[in-house]
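*Asks:* prediction below, plus the sequence it came from.
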Amino acid sequence: MKKSELPDPFEKARESKGYGEMNDQDDPVTMLLRHKDVRKSAHNYKTFQSGAVPGRIVIPSEVNIRDTRQIPFEVDPPVHGVYRAIVEPWFKRPLQAEYQERLRSQISEIVEEALQKGSVEVVTDFALRLQSRALTLLLNTPFSESETWISWGTHVFRSEGEALDGDKANILYHYIDEQIDRASEDPGEDMYSVLLNSEFEGRKLTKEEVKGVMVLTFAGGRDTVINAVTNSIAYLAEHPEALERLRKEPEITGRAVEEMIRYFSPLTQMGRVVTEDAHVCEHAVKADSRISLCWASANRDAAVFENPNEIVLDRKVNPHVGFGFSHHNCLGATHARQILKILLQTLAQKVASFEILDYKENIEDLDHFQRKVGFHNIQIKFNPLTK
Amino acid sequence: MAKITFITSDDETITLEGTSGSVMALAVENGVPGIDGDCGGVCSCATCHVHVTPEDMVKTGSASEIETDMLELDDNADEYSRLCCQIEISDAIDGVVLKVAK
Ligand code: FES
């Protein structure tokens, strides 16, 4: 098996019965594994709600480590739509040329540094830094803030093991509280200030609501982006022909990004709470139990994708659910897509080849399924392109 | 060369000309409101949804299965719905009128 490969642990269960079961802190989850069921259920917010107790739709559940409701993520329509409309324009800023230029220069610098050093540990010294610096653009905060975020390490919610770590999460929550207080005393043009000044149904957003949006922004875009960046580089290291192709046919870069998102599925699944007794693929689910929308499994469904376990760099029709689906699709997707697009372009321009020197896989324990999501660490040598 | 007309949800009429590529790409390049094309045209985002004028359906053809599956969950979709990233520009679609869904 190639080192960059992410095997699909769900295939058998998906094809034979369509769902899987997982126990999570005594609040079991029925995992939906088929593309069709995942999309349908994501759309059906009445039966499968997001607005449950804060933290419950996340797997592993964060009920015990968080009270703040993440917004708009843990709110159902129609109120969800009101919040979403408030934040959406801000999250579309990555489409602006100036934003992209600044992102490009950040990424260029990190790639140049890796080339100079020769070899780097990609998770911590490349992906975490890239993600943190890029986040200063999304939040429109000083670049120096990224140093703080980098110092938190890759695990903000978890200590080295798998278990959720309330103390670690508190570092983030306290930091956000401080930033909100600062912005409310001395407003600027950063995301905290803009949110504090936003109107929601005739009043300003409360500090708690602002915190809910900020926690979502920090949490949702951290491990996911880090894994996507790391996995992309590992893939290119083992597929020099793909790197060559991106050099020769830069016009396929957008498709390559979508295909990598499909294949890597940086977020394995997202939960919902069942509001009434229902059926999912002929399996009964009870009111107040949980289901999950398993994006990673849906993205390998052979009923939808030809050669699902292969990265087809220029896959033309690619209805993946790597950014989720329907009402709650990923708010940070515009930012994430730009990061990956500019990363691939920059690597194609500057790097001749890579060599994977050493690595440790990151395997998610999903009870009956073990899914590789990326790496805990991976040392890679960057060889410069000399023209 | 094909002339393509978009009617936005604010009832603005925008007529554009194109020779190749997808209708979505043409709309995005020209900033047609309501067509975002988030996924770049691979059929995964549905932010390029249009309603084709019924008599123009012969020119554009109807939605593929993947499009229909995607649109099935859109409350605003009907038999004239298309994801316009899946409509290729060519002389054959000259003169079509598309109503932007969003
Ligand atoms: S642009 Fe995404 S589906 Fe058409």
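*Replies:* Sure thing, it's come through. Numbering: from 1, shown residues only, chains lettered A, B, ... in the order given.
*Asks:* now the residue nearest the centre of chain A: closest residue in space, sequence neighbours ignored.
*Replies:* Centre of chain A computed as the mean C-alpha position; nearest residue by CA atoms, centre = their mean is residue A:224, 3.1 Å away. Once flanking residues are discounted, residue A:224 sits nearest to residue A:266: 3.9 Å by CB to CB, 6 or more residues apart in numbering or on different chains. In this view, the C-beta of every residue, glycine as well, is placed from N, C-alpha and C.
*Asks:* ok, the one you found to the ligand distance?
*Replies:* Residue A:266 sits 19 Å away from the ligand, taking CB to the nearest ligand atom, to the nearest Å as the criterion.
*Asks:* isn't that residue right up against residue A:373?
*Replies:* Yes - here residue A:266 lies in contact with residue A:373, judged by CB atoms under 8 Å, at a distance of 7.2 Å.
*Asks:* what residues are shared contacts of the two?
*Replies:* Shared contacts of residue A:266 and residue A:373, defined by CB atoms under 8 Å, 6 or more residues apart in numbering or on different chains, comprise residue A:227.
*Asks:* of the two, who's got more company?
*Replies:* Remark: of residue A:266 and residue A:373, residue A:266 carries more neighbours, 24 against 20, as counted by other CB atoms under 10 Å in any protein chain shown.
*Asks:* what helix or strand is the more buried one on?
*Replies:* When secondary structure is defined by DSSP states H and E, residue A:266 falls outside every helix and strand.
*Asks:* residue A:386 in helix, strand or coil?
*Replies:* Here residue A:386 is coil, with the state taken from DSSP: H, G, I helix; E, B strand; the rest coil.
*Asks:* quick check: phi and psi at the closest residue to it other than its chain neighbours.
*Replies:* Leaving aside its sequence neighbours, residue A:386 sits nearest to residue A:352 (CB to CB, 6+ apart; 7.2 Å). Taking degrees, to the nearest 10, you get phi -80, psi -40 for the backbone angles of residue A:352.
*Asks:* check whether the least confident helix or strand in chain B by mean pLDDT comes near chain A.
*Replies:* Ranked by mean pLDDT, DSSP states H and E, the helix or strand of chain B with the weakest confidence is helix B:65-71, at a mean of 91. Yes - with CB under 8 Å from any CB of the partner chain as the measure, helix B:65-71 is seen reaching chain A through B:66, B:69-70.
*Asks:* and the helices in the stretch 151-300 of chain A?
*Replies:* Assigned helices in the stretch 151-300 of chain A, in chain order: A:166-185, A:191-196, A:207-220, A:223-238, A:240-248, A:253-264, A:295-298 (criterion: DSSP state H, counting those that start in this stretch).
*Asks:* most tightly packed of the ones you listed?
*Replies:* Between the helices of the stretch 151-300 of chain A, the one whose residues have the most neighbours on average, counting mean count of other CB atoms under 10 Å in any protein chain shown, is helix A:295-298 (a mean of 28).
*Asks:* check contacts around the residue nearest to the spatial centre of chain B.
*Replies:* By CA atoms, centre = their mean, chain B has its centre lying nearest to residue B:84, at 3.0 Å. For residue B:84, the residues meeting the contact criterion (CB under 8 Å, 6+ apart) are B:22-24, B:27, B:35, B:48-50, B:98.
*Asks:* distance of it from the ligand?
*Replies:* Shown here: residue B:84 relative to the ligand, a distance of 7 Å by CB to the nearest ligand atom.
*Asks:* what pLDDT does the closest residue to chain B within the stretch 1-150 of chain A get?
*Replies:* Among the residues of the stretch 1-150 of chain A, residue A:43 lies closest to chain B, at 4.4 Å counting by CB to the nearest CB. Residue A:43 is assigned a predicted lDDT (pLDDT) of 95.
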